[in-house]
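*Asks:* Pasting the sequence and the predicted coordinates here, then a few questions.
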Amino acid sequence: MSEQLHDVRLHVNGSVHEVQVPARRLLSDALRHDCGLTGTHVGCEHGVCGACTVLVDGSPVRSCLMFAVSAVDAEITTVEGLTEADDTPEGRLSPVQQAFSDCHGLQCGFCTPGFLTTITAGLKENPDPTEDEAREMIAGNLCRCTGYQNIVKSVLRAAEIEQERS
Amino acid sequence: MTTKLFGTKVPRVEDQRFLRGQGRYVDDLLTDDPRLLHAAVLRSPHAHARITDIDVADVLDVEGVLAVWTYDDLVDAMAQPLPLLIPHPTLTHGRTQYALAKDEVNYMGEAIAFVVAVDRYVAEDAVARIRVSYDQLPPVVGIAAARAADRLVHDDVPGNVGARMEQENGDARAAIADAPHTLRLELDVERSACTPMEGRGTVARWDPDTSRLTVWSSTQTSTGVRGCVAAKLGLDLAKVDVITPDVGGGFGVKINHPWPEELLVPLAAMTLGRPVKFTEDRREHFISSAHERAQVHHVEVGFDDDGRVLGLNVEFWHDHGAYTPYGLIVPIITSTQLLGPYKPANYRVVFESLYTNTVIVTPYRGAGRPQGCFVMERTMDAIAAYLGKDRTEVRSTNFIQPDEFPYEHGLVFQDGRPLTYDSGDYPASLEKLKTLVGWDEFEDFRAEMAAQGRRVGIGLACYVEGTGVGPYEGAHVHIETSGKVKVATGLTTQGQGHQTAFAQIVADTLGVRFEDVEITTGDTRKMPYAVGTFASRAAVMSGSAIHLASLRAREKALRIAAEALEAAEDDLEIVDGVVSVRGTDASIDLGTVAVLSNPLRYAFDEASKAATQFSVGDPGKPPVAEDDEPGLEGKDFYSPERSTFANGMHAVIVETDPDTAEITILKYAVVHDCGHLINPMIVEGQIQGGVAQGVGGALYERMEYDEAGQLLNASFMDFLMPYVTEVPTTIDIDHLETPSPLNPLGIKGAGEAGVIPSAAVFAAAIEDAERPYKPTLAITAMPISPSELFDLRLAHADVPAEAIAEETR
Amino acid sequence: MKPAPFAFRRPATLEEALAALAEEPGAKVLAGGQSLVPLLSMRLAAPSMLVDINALPGLGHVRCSSDGGAAGVRIGALARHAHVLASTEAAEVQPLLAMALSHVAHPTIRNRGTTVGSIVHADAAAEMPMVLRLLEGSVDVASVRGRRTVPAGELFAGPLESTLAHDEIAVEAFFPALPEGAGVAFQEIARRHGDYALVGVAALVETDGGEVVRARVGFVSVSDVPVVVDVTDSLDDPAGKALAELDPAADIHATAAYRAHLVKVLTPRVLADAVHHARERNT
């Protein structure tokens, strides 16, 4: 009994990935294993921790709660797609990424991609958050290392960097 | 030492790859290798059962399944129980599990069969097809059931007692009998767990061309895993490399080794001739890694009118789960570190370490100290309440004074060495804490809030933490001809910023640019001698070793440079990778010194051209002197005679809702003394993370086992790790820097500090908030939820309303 | 934690989707998937087929109308919680929607999860099934056999069980508008922000000349099915009336007694808020 494979065209970070996957392949696994984008991490596989958060048409979504076959019509952004093009091959850190570096917003780095994507979308919606709004923005993501203090600072700092750069 | 980067908030170099999604965690490895196979494990659904049959006939029919192992397929050392890592004379009945269960399972989650398939989905399909027949046995769940011992976990362990240990300094019982005042307390702490965001994981690849096994594991000890893999698979140590890639948090659970999968993955890779990966999922992490914390304590204390402790007698019972691979480390730490910054005149402690049909116990950040701190600090609070004294005053009375160091407690610590504190200034720390939290102003605040119908309370707790336990760590420093400095130390990294903090030490000690230093940790190919990352030891142990190894490299560089520059070594300095004669223009790059250090026969680039044997050295002498080695390197090990003791004090102000019993944190303050700080930013990050984890442990997280030994909350849905919304909005931190005399940098460990006083400090503050209304209410069990606080309120009588009115007037 | 295999359809029309469901008795509908996918990954559910309705046209709407008997908010099967929550018009026509939706999990879950999906998932710990019931709304369902409207009072059969047949798709939910002189309120207490409530309470009061003429209260997490209690006659002790009908259970997060206590604390508070809301709207 061979499991049926589906031809799926995923649009990730501006590139097209043609993958063949069974229907049950979680989007998180497809991104990591089929597209080779291992920056998206899997922390719980039941939608609570937020480590696997990616942007689906610009909105943060748990990639462990979506199937790859359901993501065909979507434009997906992962942590690898957050950097901004400049004259270096690796690109410049986005304001959110830079803020995490400035504020020590990460330790082991495992939950970080989910925070980065979530905050990137959050600041689009609210470019100048108060501290309470910054907290609200990250309230659905778990981190076991930082105690969140510096992640909240990173949100506020990211808003500043965004301003400085524009 | 000339410090430049030491003590400064250098941004972390590791962040660049993490922020770009380019970290390499174990599940990221070999993802593009089409030969990679994936493992899944059949785990016991029962807490206690005899296995009568395992039928795997249906499994190999599943397309994509390559192999399945059960106990019957294991041979030689693999068929023996897993190692008991830390034996102890009092651990008279130590037991460890098999890599795959043999005849019996002793906890829900114990590994029974191991399936390897083309992907994890198929492997799980296969696991679901294995048929196991069980005879269920009555489970032992919780300390009360273990003590009652009318059921046994292991038939050959009477009373479910794995170990009984007693230590005494003086004669505590006699002192208590003679004391003017005595109190007794019963204090409980529930099970919890580390729950790093990344679970366990192992990848192995056997290379038939070189006959070598490479194992990548998400571990806190790569050398430990290497030793176990070699021994269990019957391989020469030299054939096994273990690499720890980026690790998504450890907090203690990943120090245990070898996990069954750490052996079965390499076994499968060798058997099948293809790389194999096991990535633990979240549910598995709850039911098959490790827990900690569960202990029941009975305290008797005798004290004088000032609150001075004359005798302290503590008996406690430690739930170590179904097996004891990590020995007695946790209860030994409780039994010794319970003392905190105090000096009871007489102290006796006895514990029993008990078997239960639940997941094994290994150290979880704090490792027995949170329980010890809870016991001691609740005792201090009880003494203060009994005498009607300020809680800080009773503590001050019992502090070890600054002029009493080194202070010997007359006990043996977890490393087998005497429990001797090296340094500290507890009165100064307490003064700082009182200022930071506003201790003396609190009663005004309480009255102000009471007038609004709000209940607030304040608590404090003090701890001392033995950090940097031995036996040793080492480091190797290599200066390449480019001037780049490559440094290896063997312990592992799981988020502590070692690549940054250690590079700061190298840059300062060696005199090179920070950017030129690259640190490698946890790779047995580069540093095969190492212990691991636990017990807040990395900075102390590897930091010191790296400092010493850098000094050696520096020494050699100066010797060669002195010859090249025709100057005395004493006249040389190294700044930004350039050796120069002080006060002159004469200089030489370290890279060039590296060239000179290694006489070559073959030239392959400009630098090496300068080093051929026709270019360097005295033709009258051997190219490499008898007492020398080629290359510009330094290697050294740091092995202290005993641990160094950090300390700290926390205070918290909480509000308890009079109607809903919800608990809100209003202010959290930390005074912390870990000696000299290498990177204050990283240390504060460690404290903040520890405090949040402590909030989880005090107010949210616990393992909920039912009577059948089923873990009811094996998910992040029901195991309530705090989000940002549950942690304090600010954590006020103040440092004291009392250097350790035991290591060259004067540092002490900082990793666990944030979490140690949490249970104690929250219990104290909640009790303090409730006492004006419920004078008999005592918090004796942690964690505590609003539902439990509500129950406590029901169980205790109110103060008559007119008395409250009198009080607040 | 990976789902068992299943067949997959992603139809482009409702007719195709209904036909696929009718043909496959073990099929389940996949909309937002925020409750379904964890169940699949834990292998607590293993449908033979998923019919992914996310590509169906014309179901993403949040339509508001304030005319007469049909006044209310019509929410299509593919409208995400976030979409509904963002609709200021919906919040005006029926303010309880936004009040309750802001308590549904976290924003990231609301970005994908659908309001209609949450309703037919029929979780008594979830906010929206109770809200639909309190407001006496309804759900329009379609199958190859035709369409029907199920009133909220007939929608919930048991724990996590709706009265929909396996071949039916809920295509739209209807939340009646808040009438003149009425007010609503919502409060819940959860262990962590964003968790399922230990107890959640919503109230709908109707006033006439400042007097409460009808008061109903809906409860989350204190019964097997979403439950609403009419407390019009017991405004002096609404919680007592409610607790006579409710049967709060203990779980690992709270004892039954604590849940009952929270019902006592929250019910009068929420009623007072709703009355206040009604008065505010009238001024």
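*Replies:* Received the coordinates, thanks.
*Asks:* CA only for contacts and neighbour counts going forward, please
*Replies:* Noted.
*Asks:* quick check: domain ranges of chain A?
*Replies:* By the assignment in automatic domain parsing, chain A contains the domains A:5-81, A:95-165.
*Asks:* repeat for chain C
*Replies:* Chain C breaks down by automatic domain parsing into domains covering C:1-178, C:182-282.
*Asks:* Straight-line length of the longest one, end to end?
*Replies:* It stands for domain C:1-178. End-to-end span of domain C:1-178 (CA to CA, to the nearest Å): 43 Å.
*Asks:* then stretch C:76-84 to CSV, C-alphas only?
*Replies:* Provided in CSV are the C-alpha atoms of stretch C:76-84 (Å, rounded to 0.1, in the frame of the first residue of the first chain):
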residue,chain,number,x,y,z
GLY,C,76,-18.5,32.4,6.2
ALA,C,77,-16.8,29.0,6.8
LEU,C,78,-13.5,30.3,5.8
ALA,C,79,-13.5,33.6,7.8
ARG,C,80,-10.6,33.4,10.2
HIS,C,81,-11.1,34.5,13.8
ALA,C,82,-8.6,37.4,13.1
HIS,C,83,-10.7,38.6,10.2
VAL,C,84,-13.9,38.6,12.3
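*Asks:* Name the residues of it that are buried.
*Replies:* Going by neighbour count (16 or more other CA atoms under 10 Å in any protein chain shown), the buried part of stretch C:76-84 is C:76-84.
*Asks:* quick one, longest helix in chain A?
*Replies:* Longest helix of chain A, by residue count under DSSP state H: helix A:149-165.
*Asks:* Mind listing residues that contact that one?
*Replies:* Applying CA atoms under 8 Å, 6 or more residues apart in numbering or on different chains, the external contacts of helix A:149-165 come out as A:95-100, A:102-106, A:119, A:123, A:127-131, A:134-135, A:138, B:685, B:688, B:729-731.
*Asks:* what is the mean pLDDT for that helix?
*Replies:* Averaged across helix A:149-165, the pLDDT comes to 97.
*Asks:* any idea how far the spatially closest residue to A:His41 that is not a sequence neighbour is from chain C?
*Replies:* Sequence neighbours aside, A:Cys52 is the residue nearest to A:His41 in space, at 5.0 Å (criterion: CA to CA, 6 or more residues apart in numbering or on different chains). A:Cys52 sits 11 Å away from chain C, going by CA to the nearest CA, to the nearest Å.
*Asks:* List the residues that contact A:Cys52.
*Replies:* A:28, A:40-43, A:62-64, A:113-114.
*Asks:* Settle this for me: B:Ile54 is touching B:Ile130, isn't it.
*Replies:* Yes. Look at B:Ile54 against B:Ile130 with CA atoms under 8 Å: they come within range, at 7.2 Å.
*Asks:* which residues sit in contact with C:Glu89?
*Replies:* Contacts of C:Glu89 by CA under 8 Å, 6+ apart are C:Cys64.
*Asks:* For the stretch 101-250 of chain B, which segments count as strands?
*Replies:* Remark: strands assigned in the stretch 101-250 of chain B by DSSP state E, counting those that start in this stretch are B:104-105, B:111-117, B:131-136, B:161-169, B:181-189, B:201-207, B:212-217, B:240-243.
*Asks:* Please export the C-alpha coordinates of stretch B:396-409 as CSV.
*Replies:* Taking Å, rounded to 0.1, in the frame of the first residue of the first chain, the C-alpha atoms of stretch B:396-409 are listed here in CSV:
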residue,chain,number,x,y,z
SER,B,396,21.0,38.2,59.4
THR,B,397,21.4,36.5,62.7
ASN,B,398,22.1,33.2,61.0
PHE,B,399,24.4,34.4,58.2
ILE,B,400,28.0,33.3,57.8
GLN,B,401,30.0,36.5,58.2
PRO,B,402,32.4,37.8,55.5
ASP,B,403,35.4,37.2,57.8
GLU,B,404,34.5,33.5,58.3
PHE,B,405,35.6,32.4,54.8
PRO,B,406,36.6,29.8,53.8
TYR,B,407,33.7,28.4,55.8
GLU,B,408,33.6,24.6,56.5
HIS,B,409,30.3,23.1,57.1
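*Asks:* Buried residues, it. List them.
*Replies:* B:396-401, B:407, B:409.
*Asks:* contacting residues around that stretch?
*Replies:* B:169, B:306-309, B:341-344, B:418-427.
*Asks:* Count residues in the vicinity of the nearest residue to B:Trp69 once chain neighbours are set aside, would you?
*Replies:* Excluding the flanking residues, the one nearest B:Trp69 by CA to CA, 6+ apart is B:Phe114, at 5.0 Å. B:Phe114: 25 surrounding residues under other CA atoms under 10 Å in any protein chain shown.
*Asks:* now B:Phe114, which residues is it bridged with?
*Replies:* B:Val41, B:Trp69 (DSSP bridges).
*Asks:* and if you look at B:Arg455?
*Replies:* Note on B:Arg455: beta-bridge partners by DSSP bridges are B:Thr656.
*Asks:* contacting residues for residue 43?
*Replies:* Using chain A. Counting by CA under 8 Å, 6+ apart, A:Gly43 has contacts A:49-52, A:111, B:197-199, B:281-282.
*Asks:* if you could check chain B rather than the one you did, that'd help
*Replies:* Going by CA under 8 Å, 6+ apart, B:Arg43 touches B:108-113.
*Asks:* Of those residues, which is the most crowded?
*Replies:* B:Glu110 (31 neighbours).
*Asks:* Throw the strands of the stretch 101-250 of chain B into JSON lines and include distance to C:Asp273, thanks.
*Replies:* As requested, the strands of the stretch 101-250 of chain B are exported to JSON lines (distance: least, CA to CA, whole Å):
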{"stretch": "strand B:104-105", "distance to C:Asp273": "55"}
{"stretch": "strand B:111-117", "distance to C:Asp273": "54"}
{"stretch": "strand B:131-136", "distance to C:Asp273": "54"}
{"stretch": "strand B:161-169", "distance to C:Asp273": "57"}
{"stretch": "strand B:181-189", "distance to C:Asp273": "40"}
{"stretch": "strand B:201-207", "distance to C:Asp273": "51"}
{"stretch": "strand B:212-217", "distance to C:Asp273": "56"}
{"stretch": "strand B:240-243", "distance to C:Asp273": "60"}
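*Asks:* for these, which one sits closest to C:Leu164?
*Replies:* Judged by CA to CA, the one of these that comes nearest to C:Leu164 is strand B:131-136, at 35.5 Å.
*Asks:* which other helices and strands contact the closest one?
*Replies:* Strand B:131-136 sits against strand B:49-55, with contacts defined as 3 or more CA pairs under 8 Å, 6 or more residues apart in numbering or on different chains; DSSP states H and E.
*Asks:* Show me what counts as buried in the strand it packs on.
*Replies:* Of the residues in strand B:49-55, B:49-51, B:54 count as buried by neighbour count, 16+ other CA under 10 Å.
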